[in-house]
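Student: how would this look folded up:
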Amino acid sequence: MKIYCLNRSINIPVTESEAWNFFSNPNNLSVITPKSMNFEVSKVDTDNIYNGQHIHYTVSPLFGISMKWTSLILDVVKQKCFTDVQVNGPYKYWHHKHIFEKISGGIKVIDKIHYALPFGCIGSILHPILVKNRLDQIFGYRNSKIKEIFGEIK
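Tutor: Reported below is the predicted structural model:
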């Protein structure tokens, strides 16, 4: 299984608490996800993430095809980091670590994603054409929305 990596970061002028309160609330994910993905939280038991929490979504990652996605939240360290792992969804493997580092003037928000595609060789062929470009667009949009909401530290 080929594991791909995607790393992004942005520096925002907020406190640890403000960053944590926004990014750890599952309902805010729809705010920073492109509208074209039709992202919707379909089931979550609380707005405060915790170890072992399952979050259910519907999303249209490619070609407008709606899919269900379930994430398991792990490794929660309040105001520092948490990880979401795909339990059910479009990827063969998805591991997304969210890290919040205190920096001068604010917080550095870091996304470290490791993922694998289904369909073996076909998935590998489609990766550079469809998946990598789409993920770059999604995380580009995400950072644009974060800048719009919070501003950015250069």
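Student: Distance check, the residue lying farthest from the centre of the chain against residue 99.
Tutor: For the chain, the residue at maximal distance from the C-alpha centroid (Cα atoms, centre = their mean) is residue 121, at 25.4 Å. Residue 121 sits at a distance of 33 Å from residue 99 (criterion: Cβ to Cβ, to the nearest Å). From N, CA and C alone the C-beta is placed, and that goes for glycine too.
Student: Mind telling me what element the residue farthest from the centre of the chain is part of?
Tutor: Using DSSP states H and E, residue 121 maps to helix 120-126.
Student: Confidence-wise, which helix or strand of the protein is lowest on average?
Tutor: Ranked by mean pLDDT, DSSP states H and E, the weakest helix or strand in the chain is helix 120-126, scoring a mean of 74.
Student: Does residue 12 touch residue 152 like I think?
Tutor: Yes. Between residue 12 and residue 152 there is a contact at 6.2 Å, judged by Cβ atoms under 8 Å.
Student: Those two: who's more crowded?
Tutor: residue 12 (22 against 14; other Cβ atoms under 10 Å).
Student: Flag every buried residue along whichever helix in the chain runs longest.
Tutor: Longest helix in the chain by number of residues, with DSSP state H as the criterion: helix 132-150. Neighbour-count burial for helix 132-150, counted by 16 or more other Cβ atoms under 10 Å, picks out 135, 138, 139, 141, 142, 143, 146, 150.
Student: again, but for stretch 73-84
Tutor: In stretch 73-84, counting by 16+ other Cβ under 10 Å, buried: 73, 76, 81, 82, 83, 84.
Student: what mean pLDDT does it have?
Tutor: Averaged across stretch 73-84, pLDDT comes to 98.
Student: What of stretch 34-49?
Tutor: Here stretch 34-49 scores 90 as its mean pLDDT.
Student: Then stretch 10-24?
Tutor: Mean pLDDT, computed over stretch 10-24, is 97.
Student: what's the distance between it and the middle of its chain?
Tutor: 15 Å (Cα atoms, centre = their mean, to the nearest Å).
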